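1. Curious how this folds, go ahead:
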Amino acid sequence: MTQMNPRELDVLNILWKTDEPMTSTDIVNEQRGLTQSTVIAVLRKLLKDDLVEVAGVTHSGKVLSRTYRPTETSKDLILQYFQDDYRNFCNVIPKSTLCAAILEIDEDAAKSKEEIKKLKSILSDFEKKHK
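-> Numbering: from 1, shown residues only. Below is the predicted model of the structure:
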């Protein structure tokens, strides 16, 4: 599996943050340092790799523009990258410490409570499976 470059991750991250499909111009306007030509090239590669899909066509000013959204495959790929990275340092950082650190990132109390509820269910299922 090849790693994604930082610009590919930037574009995917922008697309993941919204529920609405975006044009290349929308993506450029979301982050400083991105140019139209870079975003178009990145989108072309992400399309080829099935990490984004064309959601439709819309008017952008006086021209028609494609709109894009991330695919479920893109989320699976990022999870795989994360798991692969964790395998490299799992002997140093236990899963419990990693989970605690990840939970500390979220400052929204309601969201944290929901995540804790989901984690309890996952841990319960995991424990039953490994008895």
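2. could you say which helix or strand contains Gly56?
-> Assigned by DSSP states H and E, Gly56 belongs to strand 52-60.
3. Over to Arg69?
-> strand 63-70.
4. Give me the mean pLDDT for that strand.
-> For strand 63-70, the mean pLDDT works out to 95.
5. ok, Asp19 to Asp10 distance?
-> Going from Asp19 to Asp10 by Cβ to Cβ, to the nearest Å gives 19 Å. C-beta: built from backbone N, CA, C; applies to glycine.
6. So for the two, which sits in the more crowded spot?
-> Neighbours were counted for Asp19 and for Asp10 using other Cβ atoms under 10 Å; Asp10 has more, 19 against 6.
7. what about the closest residue to that one other than its chain neighbours, distance to Leu79?
-> In space, and not counting its chain neighbours, Asp10 is closest to Gln31: 6.1 Å by Cβ to Cβ, 6 or more residues apart in numbering. According to Cβ to Cβ, Gln31 and Leu79 sit 23 Å apart.
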